[in-house]
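> Make a model of this:
(chains A, B, C and D)
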There are 2 protein chains.
Amino acid sequence: MFMGRRSDHTPDELRELLISCGHELIAERGFAKFSAREAARRAGYSVGTIYNVFGGLDSYLIAVNSRTFRHWSEWLEMELAKAPDDTEGRIEALVRAYFGFAEVNRNAWMAIYDHRIDRSIEIAREDEAAREALTGVVDREVAAALGAHDEQEIRRLVRSLIATVHGHCSLWLTGSYALMREEDPAGQALARVYEILRCHDVFPPPDSLPSTQLQKSANE
Amino acid sequence: MFMGRRSDHTPDELRELLISCGHELIAERGFAKFSAREAARRAGYSVGTIYNVFGGLDSYLIAVNSRTFRHWSEWLEMELAKAPDDTEGRIEALVRAYFGFAEVNRNAWMAIYDHRIDRSIEIAREDEAAREALTGVVDREVAAALGAHDEQEIRRLVRSLIATVHGHCSLWLTGSYALMREEDPAGQALARVYEILRCHDVFPPPDSLPSTQLQKSANE
DNA sequence: TTAAAAAATAGACAATGTTCAATTTATGCT
DNA sequence: AGCATAAATTGAACATTGTCTATTTTTTAA
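As a prediction, this is how the structure comes out:
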């Protein structure tokens, strides 16, 4: 029982439709050339509807980008399912899937970081969850790789690893990396991730790593 | 001898003036709210002049961002001059200076990566140099830290280290890192840089690191 | 059938990037 | 000095955009 105007779509359907069209548009044009008017046009509605349904452009964009986040998580799980069972293989699959999704969904992926969210605007519970789902996947995999470790330490490390891979991926897609004449950013990111994990006792070499002054001072 | 219209400014002065005003504007408004019209207005000229002098908005923005790059390099050198003489101290100074500049010049720094440069548009020789100067500083410092190493290997590693730090800094300033509830992104970036360098024989531990299968396969 | 409520629209507004014909100004020549 | 030329600068036009509000349309409830 709802009191909508059109029988074309229920409120939920309309919401879904608008997000869907917005996502399609941002994927093909990129954030800079995205237009709310055009997105509404494609949905068969007018701009105002977006403001009615989402309350403002920012909230709309958050919804659109959250969809990308969901696709991203699914992509990661998909690739992880195909990955070999050893630690090394799963980590590689994870990093490569990160890059793979970003490459195939260039515009949508970049839009996530192009949209600067004002601290005043609050993000819907479910959209926040979509974002957290992604770090959740990495949390799980890294925890599996590290074995027995302090949970808080893993949390921080995971976020730092994400930032590491993100940096490589981001510079790659913006072309900054090409300017630096690096050919294989994904490979470099993976190499760094391995190195970092090795310093945290994953893949321990035959005789375990002695902890130097550095290792301690930097992490405290 | 030139045939300009106004005696107010020579062509070079005008160029400088426009870049200066543009830089000021982008620093106070950020990339999204930047306006070429407003920049020209502040310089005492009209929009068309920007198109005359720079040929297009993209070229203008490249010039503006290149100024930020120059400030950035200078900032790094400034901080490095104050740094202690040991390897560890200089690396820390470098990473913290990277973050420090980005924090103080939030908008200008982010604008560098917000502006997506079409591959068709070519960047002036001197502007490309401004960008390379930055990686040059890091090249020098890391080379000093690593001592005897293959030059090409250092090149790649440096770019990867920059990407690593960039990732942390970028997620920090966009607020993504806050969403992840990490308090000290700079510290985390520094920790990762130390770990990575340690895997490349900087600060070698008493008994040198045995090279595992991982280290090799990831870097080739 | 009709009144109220909700949804959707159209239109106004200020602003933007981009282009280009018209205008203004300095210069070099006579 | 005066004039023609060439360069620099402008201003206005155009299509678009985000944002807001009064108005219209449609649905539901009475």
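> Now do the contacts for the residue in chain A positioned nearest to chain B.
The nearest approach of chain A to chain B comes at residue A:167, 2.2 Å away (C-beta to the nearest C-beta). Heads up, the C-betas are built off the backbone N, CA and C, glycines and all. Contacts for residue A:167 (C-beta atoms under 8 Å, 6 or more residues apart in numbering or on different chains) come out as A:189, B:163, B:164, B:165, B:166, B:167, B:168, B:170.
> what's the spacing between it and residue A:35?
30 Å (C-beta to C-beta, to the nearest Å).
> Also residue A:110?
Residue A:110 sits 17 Å away from residue A:35, going by C-beta to C-beta.
> ok, now residue A:14?
19 Å.
> Of these two, give the one with the bigger neighbour count.
The neighbour count for residue A:14 versus residue A:35, taken as other C-beta atoms under 10 Å in any protein chain shown, is higher for residue A:14 (18 against 13).
> what helix or strand is that one on?
Using DSSP states H and E, residue A:14 sits within helix A:11-29.
> now what about the very next helix or strand once past that helix, what contacts it?
Going down the chain from helix A:11-29, the next helix or strand is helix A:36-43, by DSSP H and E. When contacts are defined by C-beta under 8 Å, 6+ apart, helix A:36-43 is touched by residues A:17-18, A:20-22, A:24-25, A:46-47, A:49-50, A:57, A:60.
> now these as JSON lines including neighbour count?
Shown next, in JSON lines, are these (neighbours: other C-beta atoms under 10 Å in any protein chain shown):
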{"residue": "A:17", "neighbour count": "18"}
{"residue": "A:18", "neighbour count": "24"}
{"residue": "A:20", "neighbour count": "15"}
{"residue": "A:21", "neighbour count": "20"}
{"residue": "A:22", "neighbour count": "27"}
{"residue": "A:24", "neighbour count": "15"}
{"residue": "A:25", "neighbour count": "22"}
{"residue": "A:46", "neighbour count": "11"}
{"residue": "A:47", "neighbour count": "15"}
{"residue": "A:49", "neighbour count": "16"}
{"residue": "A:50", "neighbour count": "23"}
{"residue": "A:57", "neighbour count": "14"}
{"residue": "A:60", "neighbour count": "21"}
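> Among these, which ones lie close to DNA strand C?
A:46, A:47, A:49 (C-beta under 7 Å from any atom of the strand).
> Among the residues you listed, which lie within strands?
In strands, judged by DSSP state E, none of those are found.
> Out of the residues you listed, which comes closest to residue B:119?
The closest of those to residue B:119 turns out to be residue A:47 (C-beta to C-beta; 32.7 Å).
> What residues does whatever residue of chain A ends up closest to DNA strand C make contact with?
Proximity of chain A to DNA strand C (C-beta to the nearest atom of the strand) peaks at residue A:48, 2.4 Å away. Neighbour list for residue A:48: empty [criterion: C-beta under 8 Å, 6+ apart].
> mind checking the backbone torsions on residue A:86?
Backbone torsions of residue A:86, given as degrees, to the nearest 10, read phi -80, psi 160.
> Could you tell me how many residues sit around it?
Count around residue A:86 with other C-beta under 10 Å applied: 10.
> do you know how far it is from residue A:149?
19 Å.
> one step back: could you check how far the closest residue in space to the residue of chain A closest to chain B that isn't next to it in sequence is from residue A:79?
Ranked by C-beta to C-beta, 6 or more residues apart in numbering or on different chains and with sequence neighbours excluded, the top spatial neighbour of residue A:167 is residue B:167, at 2.2 Å. Distance, residue B:167 to residue A:79, by C-beta to C-beta: 21 Å.
> Counting by contacts, list what the helix of greatest length in chain A packs against.
Criterion DSSP state H: the longest helix present in chain A is helix A:57-82. Applying 3 or more C-beta pairs under 8 Å, 6 or more residues apart in numbering or on different chains; DSSP states H and E, we find helix A:57-82 packed against helix A:11-29, helix A:47-54, helix A:87-104, helix A:106-114, helix A:125-146.
> Which among those is found nearest to residue B:64?
Across the helices and strands packed on helix A:57-82, closest to residue B:64 is helix A:106-114 (C-beta to C-beta), at 18.4 Å.
> quick revisit: could you say which helix or strand contains the residue of chain A closest to chain B?
helix A:151-174.
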